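Visitor: Sharing a model that was predicted from the sequence below.
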Amino acid sequence: MSKSPPAFQLYSGQWLTGTKFMTFEQKGIYLELLCLQWEHIKIKVEDLPIAINYCWNKSNNCQQLDEKIREKFVEKDGFIFNEKLFEMRESYNKFRKKQSIFFNKFFSYFFIQLLRSE
């Protein structure tokens, strides 16, 4: 698992538009799930009752997650994730890898030139 940056971009216009018909409780749960995903890439469905006190599917043990929140996530192979946030993380990782390759080449060249000048 690659280390995630300490924050993800949250655009106020997109947030307000995407959550305007949600209650403050629903918005809080949605944001909590986004933060959990950012830290763990995907969220295990079985961990939801522990993390947010709600279940993905109907259960006798806990209340099902509201449909307004569920529609923001995709369920696949026992995990849930927000596709936009997943793509944002992938884009960041590609950029970081590209930067790493560039800096490795640059510093390798720099140190070779430094050694040659001695």
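Guide: Yes, it's here.

Visitor: how far away is the residue nearest to Glu83 when sequence neighbours are not counted from Phe95?
Guide: Taking CB to CB, 6 or more residues apart in numbering as the measure, Glu83 lies nearest to Val74, with 5.8 Å between them; neighbours along the chain are not counted. Bear in mind the C-beta positions are built from the backbone N, C-alpha and C, glycine included. Distance, Val74 to Phe95, using CB to CB, to the nearest Å: 23 Å.

Visitor: Break down this protein into its helices, ranges please.
Guide: In chain order, the chain shows helices spanning 12-19, 24-40, 48-52, 67-70, 83-117, with DSSP state H as the criterion.

Visitor: rank those by mean pLDDT and give me the bottom one.
Guide: If the helices of the chain are sorted by mean pLDDT, helix 83-117 sits at the bottom with a mean of 77.

Visitor: Which positions in that one come out as buried?
Guide: Within helix 83-117, the residues scored as buried using 16 or more other CB atoms under 10 Å are 85-86, 89.

Visitor: hang on, the earlier thing: which one of the helices of the chain lies closest to Pro6?
Guide: For those, distance to Pro6 was read as CB to CB. The smallest value, 9.3 Å, belongs to helix 24-40.
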